[in-house]
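*Asks:* the following comprises the amino acid sequence and a computationally predicted model.
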Amino acid sequence: MKIDFEHRQSAHCETGVISNLMRHHGLDISEPLALGIGSGLFFSHMPFIKVNGLPVTTYRIMPGDIFKKFSKRTGVEMKRQKFSSPEKAMDALDACLEQGLPVGMLTSVFYLPYLPRAFRFHFNAHNIVVYGKEGNDYLVSDPILEEPVKIDRRMLIRARFAKGMPNTNGRMYYPTHVPQDVDINAAIIKGLKYTAKDMGTIPIPFFGGKAIGFLAGRVANYEKKYGEDEAKKYLGNIVRMQEEIGTGGAGFRFMFGAFLQEASGRLGNPMLHKKSLEITKIGDLWRNFAYDCGRMVKGRANGMTYQDLADQLSDIGRREIIFFQSIHKMKF
Amino acid sequence: MKKNEVPQDDENLFEGKFKVVKYALDDDGNYGTVGSSGWEPENTVLNQAWDEINKKVEATLKKIQSGELSPLAYHMEKNIMDVGMLSQYMDISKRNVSKHLEPNGFNSLDEKTLIKYAEVFDISVEELKKIE
C-alpha cells in the first residue's frame, strides 16, 4: 500500500517534513517559508548543559518547536501521539496509512540503516515521513535524502523507540485539519517578528544574538582553560552544530535568507530583500569562522589563536544583534 | 554564499548515497538550492568526532585484554553509548550496568540479561561475549 506522496529533498528534517506534509494536504509551503513562519532560526550557547561532555551550542529553536509554531500561526491542526509499546505505535501507524494519511515521526538517526555510517550518532529528533508499506518494509520520505527509501519494520521500531535525549517513545504526528485559506502573509510577519525579537532583545546572555558574544568570551579562554586537545573538541562541536546535515549552511542563516526573499516577494516589501542579502553576508562570516575552526582542529592554524576565533564570533554577534533589532523595529 | 561557492569536498562521508541541499545565491542575488557532496571543515569536525569514539573503543579493548573490563564495555563504546544510556535501554540501574562492565559482574550474568543486552546491540549472545 502506497500513498501518492511527493518527496522533495530539503536541507533540514523538521522544515522539510513541514513542507512535504503541508503540500500533500494542499498547502504549498516551501522549506524556507516553514523555517520563517515557525521561527526556526535562533542562537543559544549553554555551557551548563553538556551532551557527550561538550557544551550545547544551537543555531535553532528546540526540536519540534518549529512545527508547533508553524501550526499555531497557520491554523493547521495536528494530532500528536506517543506510545507505551512498539506494537501500539506500529498499529497506529498502519491505521493511518490505511486511511491514506502520510505520518510524520520522530526517529533516532543511529538506527536508520539507510543513512551513511558517518552521520549515525544518537540524535533522537530526526523527522521523517512514512507514506506506505510493502510487505515488511515501510516507505520513507526522509527529507534530507534525494530519493525516498525503504526501512524494514524491525529497524523502524528501533528508530522509533530510541532512548536518551529525548526518549522518542514512538512519537508520531499528522495534520487533522489544514485550512485552505491560510493568511500566509500574516503568518510570515508573526514568525519573523518572533525571531527578530528573540535574537535582538533577549537580555539573558545564553540566548539570542547576545549569546554569540558570550560564546566568543568562552572560546577566547578554551585553550587556557581546557588544554589544546579538549579545546579542539569544544571548537569542533560548535562547527558540527553549525554545518552538519540539516542547517542549509551557516547554521540556518542562508535558509533564513531564502525565507526573507520569499517574504519580500509575498509581502511586496523590498526592504526584506535587502535584509536577505545582509543575513547572507553574516552567513558567509559564519562560514569563514567554521573554516578557521577546521584549520585549528587540524593543527594548521599558522599562528591563528583562539582569541582570533573569538574576535570573529564577537563581530558576528554584534552584526546579528543589529540585524535582528533592525527587523524588530520594522513596521509591517 | 554563491551557488558556485557551494563546496564539493567529497571525502566519501556520504558513501556516494546522496548530496545534501545547501541554500545559495545565483548571480542575480536570488536564492535557490544546490547539492553539496561535503565541505572540508565539516568533514574535519565529523572525522574528529569519530576519531574520539575510535580512541575510546581502542582504550576499552586494552582494558578488556588486561582484565579490567568485560566485553560489554566494548559493545557499549562501539555503539556510542555511556552507562546512563545503556541503563535506559536495559531498564536497569546505572549501578547494575557498571557492575556488568566488570569481568566478574559480566561472567555471572544470567541468560535472560545476556539476551537483553544482545538485543540492545542487535547482536547474538555469542557475539556479545566476544570483542570483534
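*Replies:* Structure's in. What do you need?
*Asks:* tell me where the chain has strands.
*Replies:* Using chain A here. Ranges of strands in chain A, per DSSP state E, are A:41-51, A:54-60, A:77-81, A:103-107, A:126-134, A:137-141, A:149-152, A:172-177.
*Asks:* meant chain B actually
*Replies:* In chain B, the strands defined using DSSP E lie at B:20-25, B:31-36.
*Asks:* want to try JSON lines for these, with mean neighbour count as columns?
*Replies:* For every residue, glycine as well, the C-beta is placed using N, CA and C. JSON lines is the format used below for the strands of chain B (neighbours: other Cβ atoms under 10 Å in any protein chain shown):
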{"stretch": "strand B:20-25", "mean neighbour count": "25"}
{"stretch": "strand B:31-36", "mean neighbour count": "18"}
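*Asks:* was I right about residue A:23 contacting residue A:4?
*Replies:* No: taking contacts as Cβ atoms under 8 Å, residue A:23 lies outside contact range of residue A:4: 11.9 Å.
*Asks:* between those two, which is the more surrounded one?
*Replies:* Neighbour count, other Cβ atoms under 10 Å in any protein chain shown: between residue A:23 and residue A:4, residue A:23 has more, with 15 against 9.
*Asks:* give me the neighbour count for the closest residue to residue A:46 other than its chain neighbours.
*Replies:* In this structure, residue A:46 finds its nearest non-sequential neighbour in residue A:56, 4.7 Å apart by Cβ to Cβ, 6 or more residues apart in numbering or on different chains. Residues near residue A:56, counting by other Cβ under 10 Å, number 15.
*Asks:* residue A:56 reaches residue A:45, doesn't it?
*Replies:* Yes: using Cβ under 8 Å, residue A:56 is in contact with residue A:45, at 7.3 Å.
*Asks:* ok now the longest helix anywhere in chain B, how far from the chain's centre?
*Replies:* Identified as the longest helix of chain B according to DSSP state H is helix B:40-65. Centroid displacement of helix B:40-65 relative to its chain, using Cα atoms, centre = their mean, to the nearest Å, is 9 Å.
*Asks:* direction-wise, compare it with strand A:54-60 and give the angle.
*Replies:* 150 degrees (axes from the mean of the first three to the mean of the last three Cα atoms, to 10 degrees).
*Asks:* how about helix B:40-65: buried residues?
*Replies:* B:41-49, B:52, B:56-57, B:60-61, B:64 (16 or more other Cβ atoms under 10 Å in any protein chain shown).
*Asks:* hey, C-alpha coordinates of stretch A:58-71 in CSV?
*Replies:* Taking Å, rounded to 0.1, in the frame of the first residue of the first chain, the C-alpha atoms of stretch A:58-71 are listed here in CSV:
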residue,chain,number,x,y,z
THR,A,58,22.5,25.6,18.9
TYR,A,59,21.6,27.7,15.9
ARG,A,60,17.9,26.9,16.1
ILE,A,61,15.0,26.7,18.5
MET,A,62,14.1,23.4,20.2
PRO,A,63,13.4,20.3,18.1
GLY,A,64,9.7,20.1,17.4
ASP,A,65,9.0,23.8,18.1
ILE,A,66,9.3,24.9,14.5
PHE,A,67,6.3,22.6,13.7
LYS,A,68,4.4,23.8,16.7
LYS,A,69,4.8,27.5,16.0
PHE,A,70,4.1,26.9,12.3
SER,A,71,0.9,25.1,13.1
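*Asks:* pull the residues that contact it.
*Replies:* Stretch A:58-71 is contacted by residues A:14-15, A:17-18, A:34-35, A:37-45, A:76-78, A:106, A:125, A:173, A:187, A:191, A:194, A:241-242, A:247, A:251-253 when judged by Cβ atoms under 8 Å, 6 or more residues apart in numbering or on different chains.
*Asks:* buried subset of these?
*Replies:* A:14-15, A:17-18, A:34-35, A:37-45, A:76, A:78, A:106, A:125, A:173, A:187, A:191, A:194, A:241-242, A:247, A:251-253.
*Asks:* could the strands of chain A go into TSV alongside mean pLDDT and distance to residue A:257?
*Replies:* Output for the strands of chain A, formatted as TSV (pLDDT from 0 to 100; distance: least, Cβ to Cβ, whole Å):
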stretch	mean pLDDT	distance to residue A:257
strand A:41-51	94	10
strand A:54-60	95	14
strand A:77-81	97	28
strand A:103-107	97	26
strand A:126-134	97	23
strand A:137-141	98	26
strand A:149-152	98	30
strand A:172-177	98	28
